[in-house]
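Participant: Attaching a predicted model along with its sequence, questions to come.
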Amino acid sequence: MLGAIDYSVIVPAYREASNLRPLVTRIFAALSRIDSPVSAGQVEIIVVDDNSRDGSVEVVQALQQEGYNVRIIVRTTERGLSSAVVRGFQEAQGDNMLCMDADLQHPPEYVPQMLAAMSPTKLFVLGTRYGSGAGAVDEGWPLYRRIISNGARMLALALTSASDPMSGFFGIRKEAFLKAKNLNTSGFKIALELLVKAQIHSNAIAEVPFAFGLRTAGESKLDSKVMRLYLSQLLELYWYSYNGLIAFAFLLFLALIFLVWRYLTASNEPMMATTVQGGGHGRGQ
Ligand SMILES: Nc1nc2c(ncn2[C@@H]2O[C@H](COP(=O)(O)OP(=O)(O)O[C@H]3O[C@H](CO)[C@@H](O)[C@H](O)[C@@H]3O)[C@@H](O)[C@H]2O)c(=O)[nH]1
């Protein structure tokens, strides 16, 4: 008979069929080690999949047959990373809830330590890619990815004392999650959203440095839409935290960045002669 589930690991997943088996088996192998502070029987894994139709359901069913405590929620009417995480938290049985990517960039071997770091006084655990003990964050990343990642992190520094609010490897206690109202789930950065809206103070955050792995299967969903969503989420959080004036200053700052970006990209574009026939749908400049 299964004992009480104290810990829930939520895995948002879109087209991650090839990563689910190694993810689940490695998590439970880590929990089964003699030195694990949390035992495997206390843990459930919930995969929240947005109708990938890539065999993910069958992989999870096979793992269930083998005795792993894992289930999959398939959403057919909703899409998006943050809303998938929130759905998983809503379904979780455990009072301690961890979120991690399916793609093995968040090492499954850190799961026991991350779970055990949560307590009634440590309401939030953050897997951080910065600080001592973390591997080189951006090793192997292309330059543009490094600039985006560091720029995004700096813009969030005024909202939280957490060292890596962009991280998707984090945990939250259920009582803190329930305190967060009006969550904006349209973007990718649900950890930042929860840190601000659940009003997590710095002394309630436990940080666990980890080495961010490289994705070896499947594809990243990071694109320019994700970045736009992040900027609008930041604006809303500045408004939420500081009210009008600073949010307005931040908006001006964003407008300035946009203008500089337009200027730089326009000066790199080749000169082209464009002929638009009458009635066309060209985006005139
Ligand atoms: N259900 C669902 N899952 C999604 C969706 N989009 C992405 N995911 C899942 O969310 C996880 C992260 O998505 P990636 O596409 O792998 O993200 P990334 O670009 O590698 O971004 C990583 O770095 C960020 C910090 O720079 C992190 O914030 C992010 O969580 C992730 O770790 C993966 O498990 C992916 O399958 C979606 O629309 N729906």
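Facilitator: The structure has been received and is ready for your questions.

Participant: ok, the nearest residue to Y110 once chain neighbours are set aside - how many residues close by?
Facilitator: Counting by C-beta to C-beta, 6 or more residues apart in numbering, Y110 lies nearest to F210, which is 5.1 Å off, once chain neighbours are set aside. (Each C-beta comes from the backbone N, C-alpha and C, glycine too.) Using other C-beta atoms under 10 Å as the criterion, F210 is surrounded by 23 other residues.

Participant: Y130 now?
Facilitator: Summarising burial for Y130: neighbours were counted as other C-beta under 10 Å, giving 16.

Participant: So G94 belongs to a helix, correct?
Facilitator: No. Counting by DSSP: H, G, I helix; E, B strand; the rest coil, G94 is not part of a helix but coil.

Participant: Which of the helices or strands spans the nearest residue to it once chain neighbours are set aside?
Facilitator: Of all residues not flanking G94 in the chain, S8 sits nearest, at 3.8 Å (C-beta to C-beta, 6+ apart). Secondary structure assignment for S8, by DSSP states H and E: strand 7-13.

Participant: Distance from the chain centre to that strand, please.
Facilitator: Distance, stretch centre to chain centre, for strand 7-13: 11 Å (C-alpha atoms, centre = their mean, to the nearest Å).

Participant: quick one: the helices in this protein?
Facilitator: Taking DSSP state H as the test, the helices found in the chain are 17-31, 56-65, 81-91, 111-116, 143-155, 174-179, 190-197, 224-242, 244-268.

Participant: Spit out the contact partners of the residue nearest to S39 when sequence neighbours are not counted.
Facilitator: Distances taken as C-beta to C-beta, 6+ apart place L31 nearest to S39, at 6.6 Å, with adjacent residues excluded. Each residue near L31 by C-beta atoms under 8 Å, 6 or more residues apart in numbering is listed here: 38-40, 43, 111-112.

Participant: among those residues, which ones are buried?
Facilitator: Buried subset of the contacts of L31 (neighbour count, 16 or more other C-beta atoms under 10 Å): 38, 40, 43, 111-112.

Participant: before we move on, back to that, ok, of the helices of the chain, where does mean pLDDT dip lowest?
Facilitator: Within those, confidence is poorest for helix 244-268, with a mean of 69 (mean pLDDT).

Participant: Spatially central residue for this protein, please.
Facilitator: G168 (2.9 Å; C-alpha atoms, centre = their mean).

Participant: what's that residue sitting at in phi/psi?
Facilitator: When quoted as degrees, to the nearest 10, the phi and psi of G168 stand at phi -100, psi 10.

Participant: residues near the nearest residue in space to it that is not next to it in sequence, how many?
Facilitator: In space, G168 comes closest to D101 once its chain neighbours are excluded; the distance is 5.4 Å by C-beta to C-beta, 6+ apart. Here the count is done by other C-beta under 10 Å, and D101 has 22 residues near it.

Participant: Alongside the ligand, which residues does the chain contribute?
Facilitator: By the rule C-beta under 6 Å from any ligand atom, the part of the chain lying against the ligand is 12-14, 16, 48-50, 79-81, 84, 101-103, 105, 149, 166, 168, 188, 220-222.

Participant: Filter the residues you listed down to the buried ones and express that as a PyMOL selection.
Facilitator: Those of the residues of the chain next to the ligand that meet the burial criterion (16+ other C-beta under 10 Å) are gathered into one PyMOL selection, given here:
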select buried, resi 12+13+14+16+48+49+50+80+81+84+101+102+103+105+149+166+168+188
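
Participant: what separates M97 from M227, distance-wise?
Facilitator: For M97, the distance to M227 (C-beta to C-beta, to the nearest Å) stands at 27 Å.

Participant: Ok, S119 next?
Facilitator: Applying C-beta to C-beta, one obtains 35 Å for the distance of S119 from M227.

Participant: When these two are compared, which one has more neighbours?
Facilitator: Neighbours of S119 and M227, each counted by other C-beta under 10 Å, are more numerous for M227; the result is 15 against 12.

Participant: correct me, but that one touches I148?
Facilitator: Yes. Contact criterion C-beta atoms under 8 Å: M227 and I148 qualify, at 6.7 Å.

Participant: tell me the contacts of the spatially closest residue to R79 that is not a sequence neighbour?
Facilitator: Among residues not flanking R79 along the chain, D50 sits closest, at 5.1 Å (C-beta to C-beta, 6+ apart). If a contact means C-beta under 8 Å, 6+ apart, then D50 has 14, 74-75, 78-80, 84 as its contacts.

Participant: Give me the neighbour count for L155.
Facilitator: Around L155 there are 20 other residues, counting by other C-beta under 10 Å.
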